[in-house]
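>>> have a look at this prediction, sequence included:
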Amino acid sequence: LYGFVHRTFLEYLTAAHYVWQFKEAQTLKPEGLIALFEEHSNDDVWLEVLRLICSQIHDVFVLQVIKHLLATIDLERWDRMSPIPKLTLALHCFIESPNASPPVDLGMHLLRTARNCFDLSFWTPFYNFSEFLDSIQFTVQEIGRRWPNRFDLWDGVSPEAGTEAHVGHTYIAAFLNSLS
């Protein structure tokens with residue numbers, strides 16, 4: 001029976017195993033990689049493993065994973081009370097990509113999708129705004145540093161953001177301030 005002194009070792013070795021299967025042994029195909037991310041996208045225990053995988057594979061495959069995750073997010077059906085782990089995972093995978101300058105359009109699409117969560121929550125209570133913002137803040141800052149046009153996302157935010165009547169815009173403003 002084996003055990004790990006620290007969870008970090010387990011996460012690293014798990015990621016290394018999948019990366020080896022994908023890059024070296026080639027027993028894990030791109031479809032299998034996407035399926036792995038799909039299977040574990042809602043599991044917080046796997047978040048670091050999946051991020052580590054993204055940091056070690058070619059960004060072409062990272063972008064495929066991100067596009068798949070984004071394609072499966074349905075904000076129209078979102079109950080505005082439950083978390084959206086696929087969005088959080090997609091944001092994290094994006095900054096883990098080995099490419100120093102991933103596609104601007106995909107980065108902006110990710111940021112717009114995140115912003116839309118706050119737009120959609122304008123009329124209903126957001127499931128846990130501070131927890132969601134905390135989980136993506138560092139990632140959003142990293143993405144925000146890469147593109148000067150990130151401030152285009154401020155379009156439509158009320159100047160009264162932060163007032164009681166515009167609580168949804170308060171969420172948006174807090175999210176967008178993370179970009180600065």
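Perfect, thanks for sending it. Numbers count the residues shown, from 1 in each chain.
>>> so, low pLDDT: which residues of this protein?
For the chain, the stretches flagged by pLDDT under 70 are 1, 100-102, 104, 118-130, 144-180.
>>> can you give me the helices in it?
7-19, 30-40, 47-56, 59-71, 85-96, 104-120, 129-146, 167-177 (DSSP state H).
>>> kindly reformat those helices as JSON lines containing mean neighbour count and distance to residue 79.
C-betas here are computed from N, CA, C, even on glycine. Below are those laid out as JSON lines (neighbours: other Cβ atoms under 10 Å; distance: least, Cβ to Cβ, whole Å):
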{"stretch": "helix 7-19", "mean neighbour count": "15", "distance to residue 79": "31"}
{"stretch": "helix 30-40", "mean neighbour count": "15", "distance to residue 79": "21"}
{"stretch": "helix 47-56", "mean neighbour count": "20", "distance to residue 79": "22"}
{"stretch": "helix 59-71", "mean neighbour count": "18", "distance to residue 79": "19"}
{"stretch": "helix 85-96", "mean neighbour count": "22", "distance to residue 79": "14"}
{"stretch": "helix 104-120", "mean neighbour count": "18", "distance to residue 79": "10"}
{"stretch": "helix 129-146", "mean neighbour count": "17", "distance to residue 79": "14"}
{"stretch": "helix 167-177", "mean neighbour count": "19", "distance to residue 79": "16"}
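>>> so which of those helices gets nearest residue 77?
Closest to residue 77 of the helices of the chain is helix 104-120 (Cβ to Cβ; 10.9 Å).
>>> only C-alpha atoms, please: export the closest one in CSV.
The C-alpha coordinates for helix 104-120 follow below in CSV (Å, rounded to 0.1, in the frame of the first residue of the first chain):
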residue,chain,number,x,y,z
VAL,A,104,-6.5,37.1,-28.4
ASP,A,105,-9.9,36.2,-29.7
LEU,A,106,-10.1,33.1,-27.5
GLY,A,107,-8.9,35.1,-24.4
MET,A,108,-11.5,37.8,-25.0
HIS,A,109,-14.2,35.1,-25.6
LEU,A,110,-13.3,33.6,-22.2
LEU,A,111,-13.4,37.0,-20.5
ARG,A,112,-16.7,37.9,-22.2
THR,A,113,-18.2,34.6,-21.1
ALA,A,114,-17.2,35.3,-17.5
ARG,A,115,-18.5,38.8,-17.7
ASN,A,116,-21.8,37.5,-19.1
CYS,A,117,-22.2,35.5,-15.9
PHE,A,118,-22.4,38.8,-14.0
ASP,A,119,-24.6,40.4,-16.6
LEU,A,120,-27.0,37.4,-16.3
